[in-house]
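Asks: Need a 3D model of the following:
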Amino acid sequence: MVLCFSCGKGEHVPEGILTKDQMVRVLSELYITEQKISTLGVKRDSLHQIFDAMKDKVFERTGVTDSVFRQSLNYYMDRPQTFEVIYTALIDSLNLREQKLLSGEEKK
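Replies: Presented below is the predicted three-dimensional model:
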């Protein structure tokens with residue numbers, strides 16, 4: 001019985017690190033922003049500059065600072081199994097958004 005509980009949720013995430021759900025939200029917003037920018041038809045160098053400006057807006061909109069995001073990303077990348085869970089949730093979230101867009105449910 002002790003083994004069942006020890007295999008539960010896993011380790012405690014340190015203070016200052018985004019939760020898995022927060023990481024999925026921020027990564028999702030960053031990915032969507034990057035995809036929107038990539039359709040602008042401008043040179044790659046310009047795309048990078050535009051994305052740098054837009055990612056600050058994503059961080060502002062999600063209430064996350066760049067430094068907290070980077071620290072959290074590093075934390076989860078050091079834990080590949082946990083990062084895989086986050087990435088799986090990200091893919092599911094993006095697929096759901098796409099389905100809503102295609103069905104006309106989401107209007108943004």
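Asks: where are the low-confidence patches of this structure?
Replies: Within the chain, the stretches with pLDDT under 70 are 1-11, 105-108.
Asks: just the helices in it please.
Replies: Secondary structure of the chain by DSSP state H: the helices cover 2-6, 20-38, 44-62, 66-77, 80-103.
Asks: Out of those helices, which is the most enclosed?
Replies: Most buried of those by mean neighbour count (mean count of other C-beta atoms under 10 Å) is helix 20-38; its value is a mean of 17. C-beta coordinates here come from the backbone N, C-alpha and C atoms, glycine included.
Asks: which secondary structure elements does that helix contact?
Replies: Applying 3 or more C-beta pairs under 8 Å, 6 or more residues apart in numbering; DSSP states H and E, we find helix 20-38 packed against helix 44-62, helix 66-77, helix 80-103.
Asks: Would you format those as CSV with distance to Ile17 included?
Replies: Output for those, formatted as CSV (distance: least, C-beta to C-beta, whole Å):
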stretch, distance to Ile17
helix 44-62, 15
helix 66-77, 5
helix 80-103, 11
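Asks: what's the closest of the ones you listed to Ser28?
Replies: helix 80-103 (5.2 Å; C-beta to C-beta).
Asks: for the closest one, packing partners?
Replies: Using 3+ C-beta pairs under 8 Å, 6+ apart: helix 80-103 touches helix 20-38, helix 66-77.
Asks: Distance from that helix to the middle of the chain?
Replies: 9 Å (C-alpha atoms, centre = their mean, to the nearest Å).
Asks: Specify the angle between it and helix 66-77 in degrees.
Replies: 120 degrees (axes from the mean of the first three to the mean of the last three C-alpha atoms, to 10 degrees).
Asks: Appreciated, that's everything.
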